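> the sequence and its predicted three-dimensional model are supplied below.
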Amino acid sequence: MKKLIALTIGALFLTLSIGTALADQKTNTVPATVSYIMEPFPMQFDGMVSTNRFPGMWPVAIYYCSDNKTAFACAGLAFQSDADGGHTLIAPEHLFEKGVNYAYAIRIAHPGNHRILGYIDQITSRGKDNKGLDIVLASIGPKPKVIDGYFCGKAKPARVIPSSEVTIGQKTVKRITSYITEDDAVILGRECDGEDNGKVSSIVVETKACHGYSCSPFYDEYGRFYFMEASTTNGDPSYQIVNRQFKEQFHRDMNGIAYLVGPVELN
């Protein structure tokens, strides 16, 4: 890929990509249990595949639940975590904003699937337990429970070091693939905090990214998983600079710029 200039792109926490919530739920009212969500999957899952490469791991849609209503929140990943069929969810930590309390339903993202896998039962590890990444692990249960929000995020600058490959954990990543669609994303570079000390905060890729894309799962050629943390919109001047350079090589406009955090150990 042609060399792109180094940029400072946006404030990550200003572009976290969660869907529009239902009316704020300040009480601990538990909604009724539902087994199906009949509405079509949102556009974030356009092109999703019917089978997945890694057995026992599924891209999912996460929904707010309140007063017998549901609304799409974001993406995530569910995986079988024990021999008895128990499941664990990976979700974005900024979903659980302080003062916003919901139950959350989990729906496996396969074409034609309307059945709910379950509900978030308990957050078992927070971002501080996961290398400071914007992800949580949560157990999945059969009944809805209201999860009290606690997250307070602050904006931070993102400096992008352009490259077509990124070295993480002594392995060079040249390919990043969406686990929802199996489409490859174009690697634009790596993001670091402040001075470039070689440490990778996230992989920066060209892919669709807007509200509701948070925690969309991706994997590299070594089978390691990454999750979309944030994005930069086309309203940002730096986006337009990168887009011009991208268009020179690929002869099209970018779909979006996304920041993928990881790799995340699944156990």
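In hand now; what should we look at?
> show me where pLDDT drops low in the chain?
In the predicted model of the chain, residues 1-28, 154-158, 193-200, 267 satisfy pLDDT under 70.
> outline the domain layout of it.
Domain assignment for the chain by automatic domain parsing gives 7-12+154-264, 21-141.
> off-centre distance for the first one?
Centroid separation for domain 7-12+154-264 versus its chain: 12 Å, with Cα atoms, centre = their mean, to the nearest Å.
> which strand or helix spans the closest residue to Gly223 other than its chain neighbours?
Distance criterion Cβ to Cβ, 6 or more residues apart in numbering; nearest residue to Gly223, sequence neighbours excluded, is Phe54 at 7.1 Å. Glycine gets a C-beta too; all of them are placed from N, C-alpha and C. Phe54 is part of no helix or strand, with elements assigned from DSSP states H and E.
> I'd say Phe54 and Glu182 touch.
No: in this structure Phe54 lies outside contact range of Glu182 using Cβ atoms under 8 Å: 11.6 Å.
> ok, His87 to Asp129 distance?
For His87, the distance to Asp129 (Cβ to Cβ, to the nearest Å) stands at 19 Å.
> for the helix or strand where Tyr63 lies, which strands pair with it and how are they oriented?
Assigned by DSSP H and E, Tyr63 belongs to strand 57-66. Pairing partners of strand 57-66, with direction, according to DSSP bridges: strand 69-80 (antiparallel), strand 103-108 (antiparallel).
> out of these, which is closest to Tyr226?
Nearest of the strands paired with strand 57-66 to Tyr226, taken as Cβ to Cβ: strand 69-80 at 10.4 Å.
> for the helix or strand following that closest one, the distance to its chain's centre please.
As assigned by DSSP H and E, the chain's next helix or strand after strand 69-80 is strand 87-92. Distance of strand 87-92 from its chain centroid, counting by Cα atoms, centre = their mean, is 11 Å.
> one more: stretch 102-113?
On the basis of Cα atoms, centre = their mean, stretch 102-113 sits 15 Å off its chain's mean C-alpha point.
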